[in-house]
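Student: From the sequence below, what's the structure:
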Amino acid sequence: MSQLAIQNVSRIFHGARGQQTQALLPIDFDVHENDFVTILGPSGCGKSTLLRIVAGLDYPTTGRVLLDGQPVEGPGADRGMVFQSYTLFPWLTVEQNIRFGLRERGMPKPEQQERCNFFIAKVGLRGFENHFPKQLSGGMQQRTAIARALANDPKILLLDEPFGALDNQTRVLMQELLLGIWESAQKTVLFVTHDIDEAIFMANRVAVFSARPGRIKTELAVDFPHPRHYTIKTSPEFMELKARLTEEIRAESMAAADH
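Tutor: Below you'll find the predicted structure:
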């Protein structure tokens, strides 16, 4: 059974003057346990809308989302969400941010501390436990956000262009960090991006969105072995996949421009 089942999910937004915008055409899509699926598509194609529906932050106009067979009806601790903007609590330290969800769930303090220490080490933030977000670089803030999401032990991790605001070098390091965590923790991941290299390097499956209204136009398996090293990005196999996806996205971007 698929861990995440997106069944006939569409989304129409209604404007103040009664106008309608179809963001998503009906989508059927399954994500299996331990999958790392990247969703790739041109800007404004509905990728983030779909992710927000899976997160329970928005609702489908038609269809439903099931997680382990249970309908998603709102946000929940079974889904960990990381956004592009650094959504940390500015008045809390790194450690307090990571422990926040654990404290809310009433986890005993020693257990909170143990989990927090484990993920601080995992994302390379030892020595920064007592820093506030404003004292951290963008990459460190995203490390904290990822640690906070993982500390809650969600069934699925949802990431909406989490490295989009980072400089190129930091972005590459964060890709490797997250992939390494996924390889060891075997979480199920749904990752939205418009970066083709990132989509291929991270995923075992890439879903390509059409221009708005969004639908899944193509699915490609990425069979490169794990652990993956960044040098794979220069391999002929990688370049071949990149060329194919570049054509797919270019066609959709041109279609979007014609609207």
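Student: Just give the nearest non-adjacent residue to R228, would you?
Tutor: Excluding the flanking residues, the one nearest R228 by CB to CB, 6 or more residues apart in numbering is L179, at 6.1 Å. From N, CA and C alone the C-beta is placed, and that goes for glycine too.
Student: Oops, could you answer that again for R215 instead?
Tutor: In this structure, R215 finds its nearest non-sequential neighbour in L25, 4.2 Å apart by CB to CB, 6+ apart.
Student: Can you spell out which helices and strands pack onto the helix or strand hosting that neighbour?
Tutor: Element membership of L25 [criterion: DSSP states H and E] is strand 20-31. Using 3 or more CB pairs under 8 Å, 6 or more residues apart in numbering; DSSP states H and E, the elements in contact with strand 20-31 are strand 4-14, helix 47-55, strand 62-67.
Student: Give me the residues contacting it.
Tutor: Where contact means CB atoms under 8 Å, 6 or more residues apart in numbering, the residues beyond strand 20-31 that reach it are 2-15, 37, 46, 49-50, 60, 62-63, 156, 188, 190, 207, 210, 212-216.
Student: could you give me the average pLDDT of that strand?
Tutor: pLDDT averaged over strand 20-31 equals 94, rounded to a whole number.
Student: Then stretch 200-213?
Tutor: 93.
Student: Regarding that stretch, how distant is the last residue from the first?
Tutor: 24 Å (CA to CA, to the nearest Å).
Student: still on that earlier bit, does the residue nearest to R228 really touch F224, like I thought?
Tutor: No: taking contacts as CB atoms under 8 Å, L179 lies outside contact range of F224: 10.8 Å.
Student: more crowded one of the two?
Tutor: Counting neighbours by other CB atoms under 10 Å for L179 and for F224 shows that L179 has the greater number, 20 against 15.
Student: Correct me if wrong: F132 contacts P90.
Tutor: Yes: look at F132 against P90 with CB under 8 Å: they come within range, at 6.7 Å.
Student: which of the two has more neighbours?
Tutor: Neighbours of F132 and P90, each counted by other CB under 10 Å, are more numerous for F132; the result is 16 against 9.
Student: Per-residue pLDDT of the more buried one, please?
Tutor: Reading off the per-residue confidence, F132 sits at a pLDDT of 96.
Student: A256 now?
Tutor: Reading off the model, A256 has pLDDT 68.
Student: cool, and S2?
Tutor: On pLDDT, S2 comes in at 63.
Student: Check P42 too.
Tutor: P42 is assigned 84 on the pLDDT scale.
Student: Could I get the contacting residues of it?
Tutor: P42 makes contact with 194, 209, 211, 249, 252-253, 256 under the criterion CB under 8 Å, 6+ apart.
Student: and which of the residues you listed is nearest A55?
Tutor: Sorting the contacts of P42 by distance to A55 puts F209 at the head of the list, at 17.1 Å, by CB to CB.
Student: check contacts around that closest one.
Tutor: Under the criterion of CB under 8 Å, 6+ apart, the contact partners of F209 comprise 39-42, 45-47, 215-217, 252.
Student: give me the beta-bridge partners of it?
Tutor: Using DSSP bridges, the beta-bridge partners of F209 come out as I216.
Student: Residue numbering should commence at 475 henceforth.
Tutor: Happy to do that; since the first residue is 475 now, the last one works out to F683.
Student: Sounds good, over and out.
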